[in-house]
Structure formats: structure tokens, C-alpha cells
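Trainee: Here is a sequence with its predicted model. Questions after.
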Amino acid sequence: MASVSGCISQESETPVISEDSMTVTPQFPEFELNDHRNLTWQSSDLPNRYVAYFSAIWCTHCKPTLGALDEVIPNGSLLVFNKDGRDGYSNISKWHTEMESGLNRSLPHPFIHAPDIALELNVTPIPTVFFVHNGDIIQRWEGLHEDKDQIREIWDSMR
């Protein structure tokens, strides 16, 4: 069971919004990290609204949430973060390829190894999704979410 520690296996009826995390970290942390193609991503260069999806390389049940986000969030506005900093869990290129295969489509989004950001945001269950507008965390979801209409509604409200 150690390999699924931190997973949430059932879809919540409504997103979990963690008030403690919102109080401690109202803004998404600044970062400069490389993605699976070795391109550098800086928080200062991101659009005014984006979505940060946190998962782990080994989390196969997290694909539906990423699949739904991929269908709604435009290219350049969805960041896929690996939260697992343990040795042997940092091959982001392999993770990207496996997720594309699992979802049976191309994923143009950056896959980024970011265990330090996950720790700073207190990301424990996966997947965890942050909707960010002008650096502020607008919503935090924990667990599986596949409702594309709900994702679109939140995304559109952040204009």
C-alpha cells in the first residue's frame, strides 16, 4: 500500500478547497524549473491564469483528471507537476510518454519535476489541482475530477 499513499481513489462530489493551505499560501510559489523537453518554465512568464496539476509518476488512477483538464485548459496554461521527490521517480520524459499513451492522445503541456513546490503547497493527496489567477490560488481541488463543464466554468470565471 505504500505505493498508493496519498492517493484519493474516488471522485469527490465537490472539489475540496483547503482553507488552511489558502491561508498559509495564498499565492502560487515562484519557480524556475525545466520540463520533460528541458525547456525552462518560470512563474513570472506564465499567463495571468493557469492551472497547476499535481500528481506522481506512479499514479495511474490520476489520468482521468488530467484528461479532463487537457480538454478544457488551453496549451501553455496547464502545468503538470510531479510531486514525488524520491529517488527513481524523477523521469519526467517517461511519465509524459506514459500519460500520452494512457490517454491515447498528444499532451502538449509541460511535465515538470517539482517536489519542493508540492511540499510548499502541502500537496498530499493526488491528484491536486490549483486554479491560479494573477499568482493567486483561486481554488484547490483534491481528488479525481472529470467534470469538464465545471472545469470550464471555473476557467472562464478567472478572466
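Mentor: Yep, it's here. From a predicted model like this one, the values you see are computed outputs, not experimental measurements.
Trainee: which residue is nearest the middle of the protein?
Mentor: Tyr53 (0.7 Å; C-alpha atoms, centre = their mean).
Trainee: Assign a three-state SS to that one, would you?
Mentor: strand (DSSP: H, G, I helix; E, B strand; the rest coil).
Trainee: what sits against it?
Mentor: When contacts are counted by C-beta atoms under 8 Å, 6 or more residues apart in numbering, Tyr53 is found next to 65-66, 69, 78-81, 127-129. (Glycine included, C-beta is placed from N, CA and C.)
Trainee: again, but for Leu78
Mentor: Contacts were defined as C-beta under 8 Å, 6+ apart; by that measure Leu78 touches 50-51, 53, 69-70, 109.
Trainee: how about the nearest residue to it, chain neighbours excluded?
Mentor: Nearest residue to Leu78 in three dimensions, chain neighbours excluded: His109, at 4.5 Å (C-beta to C-beta, 6 or more residues apart in numbering).
Trainee: And that neighbour, which helix or strand is it part of?
Mentor: For His109, there is no host helix or strand (DSSP states H and E).
Trainee: if I look at it, how far off is Pro26?
Mentor: Going from His109 to Pro26 by C-beta to C-beta, to the nearest Å gives 25 Å.
Trainee: ok, back up a step: tell me how many other residues crowd the residue nearest to Leu78.
Mentor: By the other C-beta atoms under 10 Å criterion, the neighbourhood of His109 contains 23 residues.
Trainee: Could you do Ser106 as well?
Mentor: For Ser106, the neighbour count with other C-beta under 10 Å is 8.
Trainee: Against Pro125, how distant is Ser77?
Mentor: Computed with C-beta to C-beta, the distance linking Ser77 and Pro125 is 23 Å.
Trainee: longest helix anywhere in this protein?
Mentor: Counting by DSSP state H, the longest helix found in the chain is helix 92-103.
Trainee: List of residues touching it?
Mentor: The set of residues external to helix 92-103 that reach it, using C-beta under 8 Å, 6+ apart, is 35-37, 57, 60, 63, 66-67, 70, 80, 82, 106-107, 111-113.
Trainee: What residues sit buried inside the strand or helix carrying Lys63?
Mentor: For Lys63, the enclosing helix or strand under DSSP H and E is helix 63-72. Of the residues in helix 63-72, those with enough neighbours to count as buried (16 or more other C-beta atoms under 10 Å) are 63, 65-70, 72.
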